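Peer 1: Here's my sequence, what's the structure:
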Amino acid sequence: MVAVRGLVHTRRDLYVSGFVAASLAYIFNVLAFTGEFALFRWVVFATFFLVSFAGFEWFLGWAAPQE
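Peer 2: Numbers count the residues shown, from 1 in each chain. Below is the predicted model:
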């Protein structure tokens, strides 16, 4: 049970770090190329990122053999 609990925390940490990295990359690129930041566009990006992240995780869970 300890290994499973550790795996859950590791996955959560990876999700959080992936979201933070993608958000920072988006913000810095938008600021570098346009010079302005629109919160609504970031919310759309964040929503798309999280939905695609969750969908990919669901797909991997479906495709991976369960032991």
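Peer 1: Next, count neighbours for Ala54.
Peer 2: 11 (other C-beta atoms under 10 Å). No exception for glycine: its C-beta is placed from N, CA and C like everyone else's.
Peer 1: Repeat that for the one 4 residues further on.
Peer 2: Neighbour count for Trp58, taken as other C-beta under 10 Å: 10.
Peer 1: Distance from the one helix or strand it maps to to the middle of the chain?
Peer 2: In this assignment (DSSP states H and E), Trp58 forms part of helix 39-63. Centroid displacement of helix 39-63 relative to its chain, using C-alpha atoms, centre = their mean, to the nearest Å, is 6 Å.
Peer 1: Could you check how sure the model is about it, as an average pLDDT?
Peer 2: Averaging pLDDT along helix 39-63 gives 90.
Peer 1: element containing Val16?
Peer 2: Using DSSP H and E, Val16 sits in helix 2-34.
Peer 1: what separates that helix from the chain centre, distance-wise?
Peer 2: Per C-alpha atoms, centre = their mean, the centroid offset for helix 2-34 relative to its chain is 5 Å.
Peer 1: got the contact list for the helix holding Trp58?
Peer 2: In this structure, residues lying in contact with helix 39-63 by C-beta atoms under 8 Å, 6 or more residues apart in numbering are Tyr15, Gly18, Phe19, Ala22, Ser23, Tyr26, Ile27, Val30.
Peer 1: Distance check, the most centrally placed residue in the chain against Val51.
Peer 2: In the chain, the residue lying closest to the centroid (C-alpha atoms, centre = their mean) is Phe19, at 3.9 Å. To Val51, Phe19 is 12 Å away according to C-beta to C-beta, to the nearest Å.
Peer 1: Now, of the contacts of helix 39-63, which are buried?
Peer 2: Tyr26, Val30 (16 or more other C-beta atoms under 10 Å).
Peer 1: quick one: least confident of the contacts of helix 39-63?
Peer 2: The member of those with the lowest pLDDT is Tyr15, at 86.
Peer 1: Just give me the neighbour total for the closest residue to that residue other than its chain neighbours.
Peer 2: Nearest non-adjacent residue to Tyr15, counting by C-beta to C-beta, 6 or more residues apart in numbering: Phe53, 6.8 Å away. A count of nearby residues for Phe53, using other C-beta under 10 Å, gives 15.
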